[in-house]
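# Fold the following and give me the result.
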Amino acid sequence: MLKSLLPVALCLGLIAPALAADATVIAADIRARIIGHTLSGREDGRTYRETLFANGRIKGADDEGNYTGRWSIRKDRLCFIYDDDEEEDEWECSAVRLDGDAVTFLDPDGSEVRATLN
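The predicted structure is shown next:
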């Protein structure tokens, strides 16, 4: 019986990590892995680095200078709103996928934005 389960266990051992890397995370994982840390990446042609503080505030800098904002977790999605963004007055929320230090934000329109946890 155990010998017949060995191939299944080996397959699961190889497949499970790949599936886990593609899975989005829940609010508790977002809070534990991202909040209180710094993210860096490139979006809209600009390189940025921002810290998400436990009090819901964001402090960051990009190619155009310093900025501030707020974050929130809603329905297992990480949401952002930036203080100096005159075009947007709504929270932007994304599902989150984590793979080591790699963070992928999955936007509702199907686009993906990648960042690195520092």
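
# Assign a three-state SS to the residue nearest to residue 29 when sequence neighbours are not counted, would you?
Leaving aside its sequence neighbours, residue 29 sits nearest to residue 98 (C-beta to C-beta, 6 or more residues apart in numbering; 6.9 Å). (Each C-beta comes from the backbone N, C-alpha and C, glycine too.) Following DSSP: H, G, I helix; E, B strand; the rest coil, the label given to residue 98 is strand.

# Residue 98 contacts residue 26, correct?
No: using C-beta atoms under 8 Å, residue 98 is not in contact with residue 26, being 10.9 Å away.

# More neighbours: which of those two?
Comparing residue 98 with residue 26 by other C-beta atoms under 10 Å, the one with more neighbours is residue 98, at 18 against 14.

# Residue 44 versus that one, what's the distance?
Separation of residue 98 from residue 44 (C-beta to C-beta, to the nearest Å): 22 Å.

# remind me which residues of this protein are low pLDDT?
Applying pLDDT under 70 to the chain flags residues 1-22, 86-88.

# So which bits of the longest strand seen in it are buried?
Criterion DSSP state E: the longest strand present in the chain is strand 65-74. Using 16 or more other C-beta atoms under 10 Å as the burial criterion, the residues of strand 65-74 that qualify are 67, 69, 70, 71, 73.
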